[in-house]
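> Predicted model follows, preceded by the sequence.
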Amino acid sequence: MFTTDTMKGKTVLITGGGSGLGLAMAKGLCRAGADIAICGRTVEKLEKASEEIGKEREGSKVKIYSVDVRNHEQVQEMFNQISSDFDSLDGLINNAAGNFLSASEDLSPGGFKAIVDIVLQGTFNCTHAFGNYLIENKAPGSILNIVTTYAEHGSAFVLPSACAKAGVLAMTKSLAYEWAEYDIRVNAIAPGPFPTKGAWARLVPDSMLEKMMVKQNPSKRLGKHQELANLAVFLMSDLAPYITGESVVIDGGESLKAGQFNFVTDMMSRKKLKMAFKAMKPKK
Ligand code: HXC
């Protein structure tokens with residue numbers, strides 16, 4: 001789909017790029033020609049990821065930064081370091097996230113704050129530092145925020161994440177308008193069920209839950225990391241220069257469940273449905 005020219009000459013920072021979807025996007029961007037910076041809290045994880053990313057393309061440059069995105073000073077220091085490590089920084093993917101399942105009445109203020117700090121404050125910290133870097137350098141740039149499908153309509157049992165991701169979506173649209181005059185694009189991807197070790201341990205610990213996720217998805221499968229990486233590369237690249245403020249859902253149709261008559265596909269097979277519809281058709 002892409003060549004090594006697609007992202008040639010560009011450097012992208014991926015927060016939480018040491019594992020899961022962040023790592024998959026880092027690999028995809030590297031294959032498409034980008035140099036890569038990844039940050040996270042665990043150095044060993046980042047080192048291992050950096051080796052894996054580097055193997056995706058000969059001659060690629062990959063650097064790691066040990067940072068907690070919740071800490072504004074650490075984030076600012078990282079951006080200073082990145083600007084001396086690379087010729088330029090052209091893209092930022094706000095992927096670092098935290099989440100857990102809890103009945104909302106059992107949440108502690110600390111639990112709510114932990115998630116909002118990582119997801120919303122962390123995204124602000126990185127976006128603010130990157131935006132200022134671009135504006136000072138009079139350079140164009142692209143920001144991609146990883147939200148969720150429930151950022152639009154909320155979700156039970158993940159209240160802190162739903163509130164924080166909704167905030168990130170508002171940030172995406174607000175900044176897309178405000179920073180368009182600086183040639184800075186701001187988009188989002190709203191992934192549905194893409195299995196990762198981290199998210200699945202916290203959110204889908206039971207294989208029954210995964211089976212239900214697959215069953216209620218009209219595409220009858222989970223997402224593949226490569227599919228998400230392809231979308232991220234496209235949105236970050238110069239193939240999409242006029243797309244800004246957009247949140248692209250990638251979920252096999254899962255979030256369209258609310259359609260008034262969609263439930264009937266759960267009731268009977270397509271063959272039986274067709275027979276039932278035929279029987280209901282008025283005779284001439
Ligand atoms: C209730 C919990 C909890 C749980 C933590 N807390 N886990 N409360 N149920 N399972 C509370 C603690 O009691 C504490 O509250 C507060 O949260 C902070 O917890 P710490 O462990 O001290 O915080 P920290 O070490 O910073 O860990 C942050 C974390 C952790 C988010 C809680 O899970 C983490 O680091 N996660 C990062 C990776 C991750 O979550 N990935 C999944 C993202 S997937 P008190 O009151 O004691 O202070 C995703 C995709 C969504 O977002 C879409 C899926 C389909």
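Great, that's in hand. Just so we're clear, the structure is a prediction, and the values are computed from it rather than from any experiment.
> and residue 52, what does it touch?
By C-beta atoms under 8 Å, 6 or more residues apart in numbering, the contact set of residue 52 is 23, 27. For glycine as for every other residue, the C-beta is placed from the backbone atoms N, C-alpha and C.
> Got phi/psi on it?
Taking degrees, to the nearest 10, you get phi -60, psi -40 for the backbone angles of residue 52.
> quick one: it from the ligand, how far?
Note on residue 52: its distance to the ligand, by C-beta to the nearest ligand atom, to the nearest Å, is 19 Å.
> State which strand of this structure is the longest.
In the chain, with assignment by DSSP state E, the single longest strand is strand 184-191.
> How about that strand and the ligand, touching?
No: judged by C-beta under 6 Å from any ligand atom, strand 184-191 and the ligand are separated, with a smallest distance of 7.0 Å.
> who are the neighbours of that strand, in terms of helices and strands?
helix 122-136, strand 141-146, helix 150-153, helix 159-178, helix 225-236, strand 247-250 (3 or more C-beta pairs under 8 Å, 6 or more residues apart in numbering; DSSP states H and E).
> Nearest to the ligand, out of those?
Proximity to the ligand (C-beta to the nearest ligand atom) singles out helix 159-178 among the helices and strands packed on strand 184-191, at 5.4 Å.
> Do any residues in the closest one lie close to the ligand?
Yes: shown here: helix 159-178 in contact with the ligand (C-beta under 6 Å from any ligand atom) through residue 161.
> Return the set of buried residues in that helix.
Along helix 159-178, these residues count as buried under the neighbour rule (16 or more other C-beta atoms under 10 Å): 159-169, 171-173, 175-176.
> What of stretch 84-93?
86, 89, 90, 91, 92, 93.
> so how far does that stretch reach from one end to the other?
19 Å (C-alpha to C-alpha, to the nearest Å).
> List, one by one, the residues from the stretch 101-250 of the chain near the ligand.
Residues of the stretch 101-250 of the chain found near the ligand (C-beta under 6 Å from any ligand atom) are 102, 108, 110-111, 114-115, 118, 148, 161, 193, 198-199, 202-203.
> Write the PyMOL selection for whichever of the residues you listed are buried.
Typed into PyMOL, the next command selects the buried ones out of those (criterion: 16+ other C-beta under 10 Å):
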select buried, resi 102+115+118+148+161+193+199+203
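> Now, the residues of the stretch 101-250 of the chain next to the ligand that are in strands?
Going by DSSP E, the strands hold none of these.
> Can you tell me which of the residues of the stretch 101-250 of the chain next to the ligand lies closest to the ligand?
Closest approach to the ligand among these (C-beta to the nearest ligand atom): residue 110, at 2.1 Å.
> Report pLDDT for that closest one.
Reported pLDDT at residue 110 in the predicted model: 98.
> if I look at it, how far off is residue 33?
Distance of residue 110 to residue 33, computed by C-beta to C-beta, to the nearest Å: 43 Å.
> After the lowest-mean-pLDDT helix or strand in the chain, heading C-terminal, what element do we hit next?
Least confident helix or strand of the chain, by mean pLDDT, DSSP states H and E, is helix 264-267 with a mean of 90. Next helix or strand after helix 264-267 toward the C-terminus (DSSP states H and E): helix 270-280.
> Any chance you could list what contacts that next one?
Identification of contacts with helix 270-280 by C-beta under 8 Å, 6+ apart yields 264, 265, 267, 268.
> farthest-separated two in those?
Spatially, the most separated pair among those is 265 and 268, at 8.3 Å (C-beta to C-beta).
> Low-confidence bits of the stretch 51-200 of the chain, can you list those?
When residues are selected by pLDDT under 70, none of them lie in the stretch 51-200 of the chain.
> quick one, strands of the stretch 1-150 of the chain?
Secondary structure of the stretch 1-150 of the chain (DSSP state E, counting those that start in this stretch): strands at 11-15, 35-40, 62-66, 91-94, 141-146.
> Any part of the shortest one near the ligand?
No: Strand 91-94 stays clear of the ligand (C-beta under 6 Å from any ligand atom), getting no nearer than 12.0 Å.
> What sits closest to residue 220 if chain neighbours are left out?
Spatially, and ignoring its direct neighbours in sequence, residue 220 is nearest to residue 214 (6.0 Å; C-beta to C-beta, 6 or more residues apart in numbering).
> ok, now which ones touch the one you found?
193, 220, 221, 222.
> do the same with residue 150
So residue 150 contacts 158, 161, 162, 165 (C-beta under 8 Å, 6+ apart).
> Many thanks, have a good one.
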